[in-house]
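Chemist: Mind looking at a prediction? Sequence and model below.
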Amino acid sequence: MRIANTGDAPVAVTSVALDSPGFEAAPATRREVELGPGNRIDVETEYGPVRCDTSPEPAYALIGVADRDGSPVRVPLAAPYDVLSRIHDDDCAAQDLARAVPVTLIPAAAPPEPTAPLPAQLVVSRGTASGDVRVDEIGGSVLYALHGALPATMRADEDRLSVDITIDAARCDPHALAEAKKPFVFPLWIAVGSSEPEYSRIPVSEENRRILTNYLTATCGARR
């Protein structure tokens, strides 16, 4: 999100949040910076789970300002190139694909040795999808790298596919560990039948987040 000071006096910004009917509210991004007249800054802002039965517009930026009583300034959000609508459409498509092809992540409790990648299984089940289902590619995040023997296909007469993958620490530096906003967002591309691969995400339960966090802490500590 880009914030610009169009006034004639400095403004001390303390936080930024998205206010859109198409997404659930997410915690404000803390960013304390003084913007002089005519200055602008780009701030990476969280957004909550998508609401597919509601348009993302009209959308607003909620900007915390230091000299106010605590309530943020609500400013209409100008989204060039329809960015917010594209994010909304992509997330809704990913929800539909998740119903058609449910995916479960099953990580091991610990790696075979402290600095080794964490073994895991990606279990693909048949939901509403018919025909062949092909898992084309998986991706990691700023903190985690995911690798597997892909592509892998669940045939039309099968209801389950298990893919062996590994999860590794992608970064261990303090800056990345402190600033990572979405460490457990793992992209996934799946093709159903003869269609092109579509974007989805690998669900990561609270228990799995705990396992991955413990793994990262132990592995990064062992690698230092």
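Modeler: All right, it came through fine. Everything numeric in this text was worked out from a predicted model, so none of it was measured.

Chemist: Run through the helices of the protein in chain order.
Modeler: Under the criterion DSSP state H, the chain contains helices at 83-100, 174-179, 206-223.

Chemist: can I get those in a markdown table with distance to G127, mean neighbour count and mean pLDDT?
Modeler: For glycine as for every other residue, the C-beta is placed from the backbone atoms N, C-alpha and C. As requested, those are arranged in a markdown table below (distance: least, C-beta to C-beta, whole Å; neighbours: other C-beta atoms under 10 Å; pLDDT from 0 to 100):
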| stretch | distance to G127 | mean neighbour count | mean pLDDT |
| --- | --- | --- | --- |
| helix 83-100 | 5 | 16 | 89 |
| helix 174-179 | 35 | 11 | 83 |
| helix 206-223 | 20 | 15 | 94 |
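
Chemist: Tell me which of those helices lies nearest to F23.
Modeler: Proximity to F23 (C-beta to C-beta) singles out helix 83-100 among the helices of the chain, at 7.3 Å.

Chemist: helices or strands up against the closest one?
Modeler: On a contact count with 3 or more C-beta pairs under 8 Å, 6 or more residues apart in numbering; DSSP states H and E, helix 83-100 meets strand 186-192, strand 198-202.

Chemist: Format the helices of the chain as TSV; extra columns: distance to L77.
Modeler: Below are the helices of the chain laid out as TSV (distance: least, C-beta to C-beta, whole Å):
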stretch	distance to L77
helix 83-100	7
helix 174-179	23
helix 206-223	30
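
Chemist: Would you tell me which of those gets closest to S194?
Modeler: helix 83-100 (14.5 Å).

Chemist: Other residues contacting that closest one?
Modeler: 20, 22-23, 47, 49-50, 52, 55-57, 59, 77, 79, 127-129, 190, 192, 198-201, 203 (C-beta atoms under 8 Å, 6 or more residues apart in numbering).

Chemist: Just the buried ones among those, please.
Modeler: 20, 22-23, 47, 50, 56, 59, 77, 129, 190, 192, 198, 200-201 (16 or more other C-beta atoms under 10 Å).

Chemist: tally of neighbours for A66?
Modeler: 10 (other C-beta atoms under 10 Å).

Chemist: ok, and the closest non-adjacent residue to it?
Modeler: A12 (3.6 Å; C-beta to C-beta, 6 or more residues apart in numbering).

Chemist: what's the pLDDT at the one you found?
Modeler: You'll see A12 listed with a pLDDT of 89.

Chemist: G36 reaches P10, doesn't it?
Modeler: Yes - using C-beta atoms under 8 Å, G36 makes contact with P10 at a distance of 5.1 Å.

Chemist: any residues in contact with both of the two?
Modeler: Common contacts of G36 and P10, defined by C-beta under 8 Å, 6+ apart, are absent altogether.

Chemist: re the thing from before, beta partners of the residue nearest to A66?
Modeler: Beta-bridge partners for A12, by DSSP bridges, are E34.

Chemist: Spit out the contact partners of the residue most central in space within the chain.
Modeler: Taking C-alpha atoms, centre = their mean, the centroid of the chain lies closest to V185, which sits 3.6 Å from it. Residues in contact with V185 (C-beta under 8 Å, 6+ apart) are 141, 201.

Chemist: same deal with the one 4 residues further on?
Modeler: With contact taken as C-beta under 8 Å, 6+ apart, W189 is in contact with 135-138, 197-200.

Chemist: pLDDT and distance to P119 for those residues - can I get that in CSV?
Modeler: Converted to CSV, the contacts of W189 look like this (pLDDT from 0 to 100; distance: C-beta to C-beta, whole Å):
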residue, pLDDT, distance to P119
V135, 96, 17
D136, 95, 21
E137, 95, 19
I138, 97, 14
P197, 93, 25
E198, 91, 27
Y199, 90, 25
S200, 90, 22
